[in-house]
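Trainee: 3D model of this:
(one chain, ligands or ions: 3)
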Amino acid sequence: MTDTDLDERTIVIHDAAGFEGMRAAGRLAAEVLDMLVAHVKPGVTTLALDRLAYDFVIARGAVSATIFYRGFSHALCTSINHVICHGIPGPKPLQAGDIVNIDVTIVLDGWHGDTSRMYFVGDPPIKARRLVDLTYECLMLGIEAAKPGNTVGHIGEAIQRHAEKNRASVVRDFCGHGLGRRFHMAPNIVHAGRAGEGPELRPGMFFTIEPMVNLGRPDAKILDDGWTAVTRDRSLSAQFEHSIGITESGCEIFTGSPLGLDRPPYPA
Ligand code: MF3
Ligand code: CO
Ligand code: CO
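Mentor: Ligands and ions are numbered 1, 2, ... in the order given. Model (predicted):
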């Protein structure tokens, strides 16, 4: 039996070979986001970015996990301004002042690398830049809480506390997720919660942390395309995502930027 045969509620504990596989897959996913830094600017379409990402992934001997995933047909999700997540690449040019999340998931040698970052298009207003900073801090606080003996709830509590202390809100409708040989599997990683709730974290667990933080209310709605999730109050939303593995002493981030471009502003 391989872990792809297990049902979706089983939390798989991976071995050293799994860490090796995820290190390579995570690195390639991060390299896609690094490559896109030079291309995100006013006038560029998200469809053009999607094409660049697709070609990059294929040239590296990997495949996109999102093309053909439940009817999705792009290599990227591109979520602009009040779009929370799952924005579909399209022909509309990016505009100066936009903030955009780009989320990529690839499969390399059977292992999934899933990561997203925010990008600034031109010079976004200060409130947008602050939201992006806050959301990155939330991700990293969640990662600090990801260690053996803690529970999934410790991660959610760390994220929620920091977001709400800064008068922002955490989206509840979408969660982080286990991943490995599958794209989405147990455990569910909630980004709001209480220490002690949910499964206990153990070495060998692989999952994403991917908080979505809104300037306004946490409520989401899905547009008629069936994918695009937006804030109901049209407030700005930001997200960052890393794929991680729990180790004996804490966790390993599989999707750190090889070029140090983990958060904006990126050098010109
Ligand atoms: N990469 C997203 C995640 O973090 C999932 C995208 S599914 C898609 O889980 F179909 F919208 F691409
Ligand atoms: Co994910
Ligand atoms: Co993702």
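Trainee: wait, Glu144 sits on Ile155?
Mentor: No - counting by Cβ atoms under 8 Å, Glu144 stays clear of Ile155, with 9.0 Å between them. Every residue, glycine included, has its C-beta placed from N, CA and C.
Trainee: looking at those two, which is more packed in?
Mentor: Counted by other Cβ atoms under 10 Å, Glu144 and Ile155 do not tie: Ile155 has more neighbours, with 29 against 14.
Trainee: please list all residues in contact with Ala195.
Mentor: 150-151, 153-154, 157 (Cβ atoms under 8 Å, 6 or more residues apart in numbering).
Trainee: nearest to Arg232, of these?
Mentor: Nearest to Arg232 out of the contacts of Ala195 is Glu157 (Cβ to Cβ; 24.6 Å).
Trainee: that closest one against His191, yeah?
Mentor: No - judged on Cβ under 8 Å, Glu157 makes no contact with His191 at a distance of 9.8 Å.
Trainee: between those two, which is the more surrounded one?
Mentor: A side-by-side neighbour count of Glu157 and His191, using other Cβ under 10 Å, places His191 first with 26 against 23.
Trainee: tell me the secondary structure at the more buried one.
Mentor: With DSSP: H, G, I helix; E, B strand; the rest coil as the basis, His191 sits in coil.
Trainee: OK, contacts around the closest residue to it other than its chain neighbours?
Mentor: With sequence-adjacent residues excluded and distances taken as Cβ to Cβ, 6 or more residues apart in numbering, His191 is closest to Pro211, at 4.3 Å. By Cβ under 8 Å, 6+ apart, Pro211 lies in contact with 135, 138-139, 142, 159, 163, 170-171, 191, 239-240.
Trainee: same check on Val57?
Mentor: Neighbouring residues of Val57 by Cβ under 8 Å, 6+ apart: 28, 32, 63-64, 75, 104, 106.
Trainee: ok, 6 Å please
Mentor: By Cβ atoms under 6 Å, 6 or more residues apart in numbering, the contact set of Val57 is 64, 106.
Trainee: try Ala24
Mentor: Leu108.
Trainee: that one should be in a helix, yeah?
Mentor: Yes - checked against three-state DSSP, Ala24 lies within a helix.
Trainee: roughly how far does it sit from Thr151?
Mentor: 29 Å (Cβ to Cβ, to the nearest Å).
Trainee: over to Leu139?
Mentor: 18 Å.
Trainee: burial check on Leu36, number of neighbours?
Mentor: 24.
Trainee: just say helix, strand or coil for it.
Mentor: Classified using three-state DSSP, Leu36 is helix.
Trainee: pLDDT score assigned to Met1?
Mentor: We have a pLDDT of 46 for Met1.
Trainee: Val83: what's it in contact with?
Mentor: Val83 neighbours (Cβ under 6 Å, 6+ apart): 228, 230.
Trainee: do you know how far it is from Val107?
Mentor: 25 Å.
Trainee: name the nearest residue to the most centrally placed residue in the chain, ignoring sequence neighbours.
Mentor: Among the residues of the chain, the one closest to the centroid is Glu241, at 2.7 Å (Cα atoms, centre = their mean). Leaving aside its sequence neighbours, Glu241 sits nearest to Glu210 (Cβ to Cβ, 6+ apart; 3.5 Å).
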